[in-house]
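A.B. asks: My questions are about this predicted structure, shown below with the sequence.
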Amino acid sequence: MKRMINVALPKGRLGEKVYNMFEAAGYDCPAIREVNRKLIFTNEEVGVSFFWVKPSDVAIYVERGAADIGVAGKDILLEYRPDVYELLDLDMGKCRMAVAGRSDFRDDPTRTLRVATKFSRIAKTYYGELCRDIDIIHLNGSIELAPILGLSDVIVDIVETGSTLKENDLVVLETILPISARLIANKASFKFKNDDIRAITAALGAQVEARKSNG
Ligand code: PRP
């Protein structure tokens, strides 16, 4: 019997695009397209088993070996620093980590800057490098509300299209870094299933290059 590779995919629009890339690379699993509430899909012939997890949980499944490989955003990898290998930039799910605030915001360097974010570690690292004194206000969602209601001076958050900021009269003040989806692997799986994981990485890498050259 063929050895199976367990793949954790992020639930949602990005995950569907990522699955399409696996399919085009020859790692298909037609059952995944059936509309139901199933969470695990296996194609024994090809040797892959996919499962959908919350995007921010992919790295945990991979780090602990419940999945051999998975796809996680660079934001999650930087924030949680899971002990995994990062194998490939999939060049999708592209957005940026940015500082945003009200357009009339002016920083007063004599005061501690109040920063609301889901990404406390990224924010601390960024402001630490600038030697800027900050007070982190950790929130779990709807971060844009914080500067509007005066809970914080600025936010550190993901900006994709920019429409959430625009619709709430906020602007990007500084870009921290670009973000995209990455293929990651469990360290033990990479050792013991090396040939299979390398073959998947190479096939996906070819897809990434093909997409880039097709614009
Ligand atoms: C993310 C992020 C912004 C929004 C940015 O939120 O926190 O709110 O997407 O996207 P845009 O630039 O295309 O408008 P998400 O949808 O993950 O929800 P959240 O409020 O739970 O963080």
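C.D. replies: Cool, the structure landed.
A.B. asks: use CA for all of it now, contacts and neighbours both
C.D. replies: Noted.
A.B. asks: Now residue 4: closest residue in space that isn't a chain neighbour?
C.D. replies: Leaving aside its chain neighbours, residue 4 sits nearest to residue 47 (4.5 Å; criterion: C-alpha to C-alpha, 6 or more residues apart in numbering).
A.B. asks: I figured the one you found was touching residue 26, is that so?
C.D. replies: No: between residue 47 and residue 26 there is no contact under C-alpha atoms under 8 Å: 10.8 Å.
A.B. asks: quick one: which of these two has more around it?
C.D. replies: residue 47 (17 against 13; other C-alpha atoms under 10 Å).
A.B. asks: Spit out the contact partners of the more buried one.
C.D. replies: 2, 3, 4, 5 (C-alpha atoms under 8 Å, 6 or more residues apart in numbering).
A.B. asks: Tell me what the residue nearest to the last one when sequence neighbours are not counted is bridged to.
C.D. replies: Same thing as residue 5. In this structure, residue 5 finds its nearest non-sequential neighbour in residue 48, 4.9 Å apart by C-alpha to C-alpha, 6+ apart. In this entry, residue 48 is beta-bridged to residue 5, residue 43, by DSSP bridges.
A.B. asks: how about the helices in this structure?
C.D. replies: 13-24, 58-63, 74-80, 120-129, 145-148, 163-167, 187-192, 194-213 (DSSP state H).
A.B. asks: closest to the ligand out of those helices?
C.D. replies: The ligand lies closest, by C-alpha to the nearest ligand atom, to one member of the helices of the chain: helix 163-167, at 3.6 Å.
A.B. asks: mind listing what's buried in the closest one?
C.D. replies: residue 165 (16 or more other C-alpha atoms under 10 Å).
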